[in-house]
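Next come a sequence and a model predicted from it.
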Amino acid sequence: MRKGNAEALIADAAKTIFSYCRVRTSTREEAEDLSQDILLELLKSHGNIRDDKAFYGFMWAVASNVYKNWCKLHTRATVAELDDRIPDKSPTLDNILIASDDLQLLHRELNLLAEQHRKVTVMYYFNGSKVSEISKTLGTSENMVKFLLFKSRQILKEGMNMERTGGNLSFNPGNLHLRFWGSGSNPFRKQCEHNLIAQNILLACYNDRCTAEEISVQIGVAVPYLESELKALCENKVLTKIGSRYETTVVIFSKDFADEADAVTLPLQQDIANVLKHFFDKRITDVKSIGFYEGCNDDSLLKWHITAIALERAVFKKYQGSLKIEYPKKYPGCEAFVWGEEDYNSRYGSFGTCALRNAEGDLIRFMDFSVNGEMDHRYFYDYPNRVNITLAIAKGRQRGFGDNDALEVAELIKRGYIKKTENRLELSIPVFASGQFEKVLSLLDNVTDEIAEITREMIKLTTEILVQHTPVQMKKEAKDIGWLKMFDNAVTAPVSEMLKSGVLCNVAENVHPTSHIVLK
């Protein structure tokens, strides 16, 4: 039987079914409950009807079976009723329920209703709209509106008699940072960086698939406020919907995982810090003798620059370069790995790196650590003019800047990238000729080999731990993505150790200790 025909026949038979139920129950309320059960069963099973002629025989058979089951299972209980009369001709739901102290429960359950059911219920009971008006507004049939009202009433009644316990995330929300490694701009930073709802949706759906209602209870946010977030997360491919349930699709480095991984790899983090300390003790004079324009006035800043260069060479060029990596293309607008990190800001701080070039091939590289304040690369990344001006000054340009460029120069001076001495512009970060930079890398060759091998050992350990902390459906991806723990354990953690031990020192505002230029 066609769905439309079945819905029309069921709607037409609603009054007949209610009369059938009224004579078999002791109260009108019980009759309404029983009739709704029968109507819902008819709607679920109408596909079994051969044609229109067989409908009524089928209807009475269903009604009889549902009534028998109702008699067996029904126990009398006091429940809050939802009056199905239009509000302008009867008391509002609020007035009906105040007397039975169930108004708060009703509001709770309305918050949990799916969008379509909630809209129909609010329009009918609260706004006083007629079924025909709702049908036109929502662009659906009147029969469907009636069905949604029946269904909503049943869901609300069942929910109001349930004890719901909010999850831990409802009173102790988690903090989740979506990290990004690949090409293109990070599309997730704006969506999730200051958005606790989005963060906690991903946390709630990580170990278990959840319906919107279950997410609402877990994180303590009403379904209406979740719907746009759920849609956006699904569009960005970090959440997926399977049937009526949602599942997080990125690996999350949980706090428990990070605590265990940090404890296991602490000796290796300290090994990396010590390798660099020993280099400074023995070879910093050799680095200075290369003769490059340092862009700094003491050894403490030079140590920061050499640390950044060594870690970039060892961890990214040598260790990461030895891996066979294929960047995922599933995320919109980029080719990148995306993963979550719980309580990210409570650990070693954040880290970012990029290299930007001018048309001549000159390079400015950033190895940014949040312990040093604002990340330099964010100021330059989408502003090629700032890159071109900085590289031009590095090559000796002093004048000929237009009005807009002169404003940029003034801002670069204010931010500490450029200094003006006796009317001469100079860079405040190291500038290497290509040959000079190769000599620095040569001095660091044994050091970076050793750090790369320590990193390899470290990532083997952390990947094994990550897999143990990952849900079954994500274990394969956890193995593929485990190497990304190198950012924390092989880069920011050793820097943290060096700061604790005094090998590195905290820098003043507008000092840029981990950015440098290489001229072609």
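Alright, I've got the coordinates.

Following element in sequence after the helix or strand containing residue 233, please.
Secondary structure assignment for residue 233, by DSSP states H and E: helix 223-235. Toward the C-terminus, helix 223-235 is succeeded by strand 239-242 as the next helix or strand (DSSP H and E).

What are the buried residues along that next one?
For strand 239-242, the neighbour count (16 or more other Cβ atoms under 10 Å) marks 239, 241 as buried. All C-beta spots, glycine's among them, are computed from the backbone N, C-alpha and C.

again with stretch 496-515
496, 497, 498, 499, 503, 504, 507, 512, 513, 514, 515.

for those residues, which one is nearest residue 18?
Distance to residue 18 across these (Cβ to Cβ) is lowest for residue 496, with 70.7 Å.

State the distance from residue 131 to residue 140.
Remark: distance between residue 131 and residue 140 (Cβ to Cβ, to the nearest Å) = 11 Å.

So the two - more neighbours on which side?
Using other Cβ atoms under 10 Å as the criterion, residue 131 and residue 140 rank with residue 131 on top: 19 against 15.

shouldn't that one be in contact with residue 145?
Yes - applying Cβ atoms under 8 Å as the test, residue 131 and residue 145 come out as touching, 5.0 Å apart.

what is in contact with those two at once?
By the contact definition Cβ atoms under 8 Å, 6 or more residues apart in numbering, residue 131 and residue 145 are jointly contacted by residue 124.

biggest helix in this structure by residues?
Ranked by residue count, the top helix of the chain under DSSP state H comes out as helix 255-288.

Can you list the buried residues in the helix holding residue 233?
By neighbour count with 16+ other Cβ under 10 Å, helix 223-235 contains the buried residues 223, 224, 226, 229, 230, 232, 233.

Hmm, the first one is touching residue 115, no?
Yes - if you go by Cβ under 8 Å, residue 223 and residue 115 touch, sitting 7.4 Å apart.

which residues in the protein form strands?
Listed in chain order, the strands of the chain (DSSP state E) span 176-183, 210-211, 239-242, 245-248, 252-253, 335-342, 351-357, 363-369, 418-421, 424-427, 431-433, 515-519.

So which of those is nearest residue 110?
Checking the strands of the chain against residue 110 by Cβ to Cβ gives strand 210-211 as the closest, at 16.0 Å.

now the helices: where do they sit in the stretch 401-520 of the chain?
403-414, 434-443, 445-468, 475-481, 486, 493-501 (DSSP state H, counting those that start in this stretch).

what's the closest of those helices to residue 374?
helix 403-414 (12.8 Å).

for the record, mean pLDDT for that closest one?
Taken as a whole, helix 403-414 has a mean pLDDT of 92.

If you count neighbours, what's buried in it?
For helix 403-414, by 16+ other Cβ under 10 Å, it's 408, 409, 412.

ok, now stretch 172-179?
Neighbour-count burial for stretch 172-179, counted by 16+ other Cβ under 10 Å, picks out 173, 174, 176, 177, 178, 179.

Relative to residue 425, which of the residues you listed is nearest.
Closest to residue 425, out of all of the buried residues of stretch 172-179 and judged by Cβ to Cβ, is residue 179, at 36.6 Å.

Would you mind listing the residues in contact with the closest one?
The contact partners of residue 179, by Cβ under 8 Å, 6+ apart, come to 338, 339, 340, 341, 344, 484, 487.

give me the beta-bridge partners of it?
The partner list for residue 179 in beta bridges (DSSP bridges) reads residue 339.

Burial check on residue 169, number of neighbours?
Each residue near residue 169 was counted by other Cβ under 10 Å, and the total is 20.

what does residue 445 give?
Neighbours of residue 445 using other Cβ under 10 Å come to 12.

Then residue 455?
Going by other Cβ under 10 Å, the residues that sit close to residue 455 add up to 27.

Correct me if wrong: it contacts residue 321.
No - with contact taken as Cβ under 8 Å, residue 455 and residue 321 are classed as non-touching, separated by 11.5 Å.

Mutual contacts of these two, please.
When contacts are counted by Cβ under 8 Å, 6+ apart, residue 455 and residue 321 have no shared neighbour.

my guess is residue 32 contacts residue 14, does it?
No - applying Cβ under 8 Å, one finds residue 32 not in contact with residue 14, separated by 10.8 Å.

With neighbour numbers in mind, choose between these two.
The residue with more neighbours, out of residue 32 and residue 14, is residue 32; 22 against 18, by other Cβ under 10 Å.

Distance of residue 426 relative to residue 412?
Residue 426 is 11 Å from residue 412, where distance means Cβ to Cβ.

One more: residue 400?
Relative to residue 412, and taking Cβ to Cβ, residue 400 is found at 16 Å.

Low-confidence regions, the stretch 151-300 of the chain specifically.
158-168, 170-171, 293-297 (pLDDT under 70).

hmm, 50 instead?
Residues of the stretch 151-300 of the chain meeting the criterion pLDDT under 50: none.

and residue 233, what does it touch?
Here residue 233 is in contact with 191, 198, 201, 202, 239 (criterion: Cβ under 8 Å, 6+ apart).

which residues touch the residue lying closest to residue 393 once chain neighbours are set aside?
In this structure, residue 393 finds its nearest non-sequential neighbour in residue 425, 5.1 Å apart by Cβ to Cβ, 6 or more residues apart in numbering. Taking Cβ under 8 Å, 6+ apart, we find residue 425 in contact with 393, 397, 398, 409, 418, 419.

Tell me what residue 425 is bridged to.
Beta-bridge pairing for residue 425 (DSSP bridges): residue 420.

surely residue 10 meets residue 43?
Yes - with contacts counted by Cβ under 8 Å, residue 10 reaches residue 43, the gap being 6.1 Å.

okay, and the common contacts of these two?
With contacts defined as Cβ under 8 Å, 6+ apart, the residues adjacent to both residue 10 and residue 43 are residue 147.

if you count what's nearby, which of these two comes out ahead?
residue 10 (22 against 17).

what's the pLDDT at the more buried one?
Residue 10 is given a pLDDT of 79.

Tell me how far it lies from residue 147.
8 Å.

Give me the common contacts of those two.
Any residue near both residue 10 and residue 147 by Cβ under 8 Å, 6+ apart counts here, and that gives 39, 43.

rewinding a little: dump the buried residues of helix 223-235 to CSV, plus distance to residue 283.
Shown next, in CSV, are the buried residues of helix 223-235 (distance: Cβ to Cβ, whole Å):
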residue, distance to residue 283
223, 62
224, 63
226, 57
229, 52
230, 55
232, 51
233, 49
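
Could you point out which of those is nearest to residue 332?
Distance to residue 332, by Cβ to Cβ, is smallest for residue 232 among those, at 11.1 Å.

Surely that closest one is in contact with residue 191?
Yes - using Cβ under 8 Å, residue 232 is in contact with residue 191, at 6.3 Å.

Now do the shared contacts for those two.
Residues touching both residue 232 and residue 191 by Cβ under 8 Å, 6+ apart: residue 198.

which of the contacts of residue 179 has the weakest pLDDT?
residue 344 (61).

Can you report how many residues neighbour the residue lying closest to residue 156 once chain neighbours are set aside?
Leaving aside its chain neighbours, residue 156 sits nearest to residue 109 (4.8 Å; criterion: Cβ to Cβ, 6+ apart). Neighbourhood size, residue 109 [other Cβ under 10 Å]: 24.

One more: the one 5 residues further on?
Applying other Cβ under 10 Å, we find 17 other residues in the vicinity of residue 114.

neighbours around the residue nearest to it when sequence neighbours are not counted, how many?
Leaving aside its sequence neighbours, residue 114 sits nearest to residue 212 (Cβ to Cβ, 6+ apart; 6.6 Å). Look at residue 212: counted by other Cβ under 10 Å, it has 20 neighbours.
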